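In: Fold the following.
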Amino acid sequence: MGNMKCMKRRSNTIILVPYPAQGHVTPMLKLASAFLHRGFNPVLVTPDYIHRQIVPKLESNEIECMPIPEGLDKDTPRDFFAIEKAMENNMPVHLEKLVHQLQQDGGVVVCIVIDLLASWAIEVANRCRVPAAGFWPAMLATYRLIGAIPEMVRTGLITDAGFPKQLGGTCCLPNQPMLSSEELPWLIGTPAARKARFRFWTRTLERSESLQWLLVNSFPNEHCLDDKQSQHQQFDLNQTKIQPQLQAFPIGPLSKLTATKNPSFWEEDTTCLSWLDKQQPNTVIYISFGSWVNPIGEAKVKSLALALEALGKPFIWVLGSSWREGLPVGYLEKVSRTGKVVSWAPQMEVLKHKAVGCYLTHCGWNSTMEAIQCQKRLLCYPVAGDQFVNCGYIVDLWRIGVRLGGFGEKDVEEGLKKVMEEDEMGNRLRKLSERTTGEEASSRAVSNLTAFIDQLKMFTVGYSNGVYGYDL
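Out: Model (predicted):
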């Protein structure tokens, strides 16, 4: 449980419970910072192994970070199912103890903000009689897709175990790009794994029925490229009901809402920045497939490696040591003049660099929003989960990227040519960057967060005077 006696004794505490993965902890820390500047005492709760990774790297100690045991052996791989088992069986009792301890120490826990992928904590909040708000770290469109599961079953698109009833089927919600029925977020891995992931999502939906609020790490009218397009459908908080009782508050992208640099779980190789300084503007391909899903496998690693070598264009490739087995023998030496392979990169600094011309990505939501903020064109290779939805927006609706069909030399060459030579793509990127991260967007995110806090105020007693007098 950590040293409970060392916790600060402040009222107006908001507990934040992220799903234990980099792409979830990062935006939750941003949200914690936003609450801190609003006068609250944010307490971030993570499994102890993540706590040990992030606390030494935090820029400020104002956000309290509390570890709870996850109950896994140190040698157990932290894959999706091991983490799910820990969340369901081991972590609830420890979170409940922490909530009671905070309350007994004279504090007032006004809310528990819960990543919906950590839906186990909703039941803890209900047992402790503390208001709970959901947090969705991705596009609202993806949650709408999850929320459409009952309808997909009813209409026969999928079975009641989540499997597509026919190959080549499609799914399309209003204002969303078409999605193959084989690209639904739970269709990852073996049939048994897919069935288990589907149960994970249906359980998440059932638990979220007790929530009234959902904070979303995205922006209103995601299907519109710029504000002019969306003027005829202005965002209205009262009309963002995605379930009968659940009201969504778009407060993102959180990567822009606060200036705090969040800690990486891994050591960043900053030598890639000095390497970039020596390259010509808009010439470098930045390649990263994220931190969570093993991206493409050995055969495709080798194929992409050979394509990059043949093209001879400068590149930075984020490739963990466990994935380098797919590289041809002697590859790193062969490409040392044109390419740089690193285990982990300071992504925002890389994307901001003028030498980077495009980003070959898995289309994770945090990476997508960072690329838009830095106005970098996207080569898309979605792998799993919400990445197919994000790719559909990038390629078909926003038209700021190109989807690769494979990693052969011809695939990569044609994709690069298409993404770099279309002049209008740059204009669309500028519009979307302003729409998502400009002053008006930041003001709207602050307004939506304030609206949520005002609603929370009506459900909670014991706030100190002046809590609402701070600006984000």
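
In: for the helix or strand hosting residue 93, what is the average pLDDT?
Out: Assessed by DSSP states H and E, residue 93 sits inside helix 91-104. For helix 91-104, mean pLDDT rounds to 93.

In: so residue 220 sits right up against residue 250, yeah?
Out: Yes. Contact between residue 220 and residue 250 holds when scored by Cβ atoms under 8 Å: they sit 5.0 Å apart. The C-beta positions use only the backbone N, C-alpha and C, and glycine is treated the same way.

In: Enumerate every residue touching the spatially closest residue to residue 139 that is not a sequence neighbour.
Out: Spatially, and ignoring its direct neighbours in sequence, residue 139 is nearest to residue 218 (5.1 Å; Cβ to Cβ, 6 or more residues apart in numbering). Each residue near residue 218 by Cβ atoms under 8 Å, 6 or more residues apart in numbering is listed here: 136, 138-140, 250, 252-253, 365.

In: would you list these in TSV and tack on secondary structure?
Out: Output for the contacts of residue 218, formatted as TSV (DSSP: H, G, I helix; E, B strand; the rest coil):
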residue	secondary structure
136	strand
138	coil
139	coil
140	helix
250	strand
252	coil
253	coil
365	helix
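
In: Would you mind giving those as a markdown table with neighbour count added?
Out: Below are the contacts of residue 218 laid out as a markdown table (neighbours: other Cβ atoms under 10 Å):
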| residue | neighbour count |
| --- | --- |
| 136 | 24 |
| 138 | 27 |
| 139 | 25 |
| 140 | 22 |
| 250 | 25 |
| 252 | 29 |
| 253 | 24 |
| 365 | 24 |
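
In: Minimum pLDDT in those, which residue is that?
Out: residue 253 (83).

In: so that residue touches residue 217, yeah?
Out: Yes. Counting by Cβ under 8 Å, residue 253 touches residue 217, with 6.3 Å between them.

In: does residue 378 sit in a helix, a strand or a coil?
Out: strand.

In: Sorry, slip of the keys, the one I care about is residue 46.
Out: strand.

In: show me the contacts for residue 283.
Out: 313-314, 355, 357.

In: Go again with 10 Å.
Out: Counting by Cβ atoms under 10 Å, 6 or more residues apart in numbering, residue 283 touches 276, 313-315, 354-358, 420.

In: Just the buried residues from those, in PyMOL please.
Out: Buried subset of the contacts of residue 283, written as a PyMOL selection, criterion 16 or more other Cβ atoms under 10 Å:
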select buried, resi 276+313+314+315+355+356+357+358+420
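
In: Dump the contacts of residue 283 to CSV, plus pLDDT.
Out: What follows is these, written out as CSV (pLDDT from 0 to 100):
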residue, pLDDT
276, 97
313, 95
314, 97
315, 97
354, 97
355, 97
356, 98
357, 96
358, 97
420, 93
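
In: from the contacts of residue 283, which is closest to residue 184?
Out: residue 358 (28.0 Å; Cβ to Cβ).

In: can you map out the strands along the stretch 201-350 of the chain?
Out: Along the stretch 201-350 of the chain, the segments classed as strands by DSSP state E, counting those that start in this stretch run 213-216, 241-243, 246-250, 284-288, 315-318, 339-342.

In: Quick check: which of these is nearest to residue 80?
Out: Closest to residue 80 of these is strand 284-288 (Cβ to Cβ; 20.3 Å).

In: In the sheet, which strands lie alongside that closest one, parallel or antiparallel?
Out: strand 315-318 (parallel), strand 356-361 (parallel) (DSSP bridges).

In: Send over that strand as CSV, restricted to the C-alpha atoms.
Out: What follows is strand 284-288, C-alpha atoms only, in CSV (Å, rounded to 0.1, in the frame of the first residue of the first chain):
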residue,chain,number,x,y,z
VAL,A,284,13.3,12.0,-42.1
ILE,A,285,10.8,9.2,-41.6
TYR,A,286,10.0,8.7,-37.9
ILE,A,287,8.8,5.1,-37.2
SER,A,288,7.2,4.0,-33.9
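
In: How far away from the center of its chain is that strand?
Out: On the basis of Cα atoms, centre = their mean, to the nearest Å, the separation between the geometric centre of strand 284-288 and that of its chain is 20 Å.

In: with the contacts of residue 218 in mind, which one is nearest to residue 322?
Out: residue 365 (23.9 Å).

In: so where is the stretch 51-200 of the chain shaky, pLDDT-wise?
Out: 105-106 (pLDDT under 70).

In: Now do the contacts for the residue lying closest to residue 403 once chain neighbours are set aside.
Out: Sequence neighbours aside, residue 380 is the residue nearest to residue 403 in space, at 4.6 Å (criterion: Cβ to Cβ, 6+ apart). Neighbouring residues of residue 380 by Cβ under 10 Å, 6+ apart: 359-363, 368, 387-388, 390-392, 394-395, 400-404, 415, 419.

In: which residue packs closest to residue 444, ignoring adjacent ones?
Out: residue 220 (7.0 Å).

In: Count the neighbours of that neighbour for me.
Out: Number of residues near residue 220 (other Cβ atoms under 10 Å) recorded here: 23.

In: before we move on, what about residue 193?
Out: Count around residue 193 with other Cβ under 10 Å applied: 15.

In: element containing the closest residue to residue 186 other than its chain neighbours?
Out: Nearest in space to residue 186, with sequence neighbours left out and distances taken as Cβ to Cβ, 6+ apart, is residue 197 at 4.0 Å. If you go by DSSP H and E, residue 197 is part of helix 191-208.
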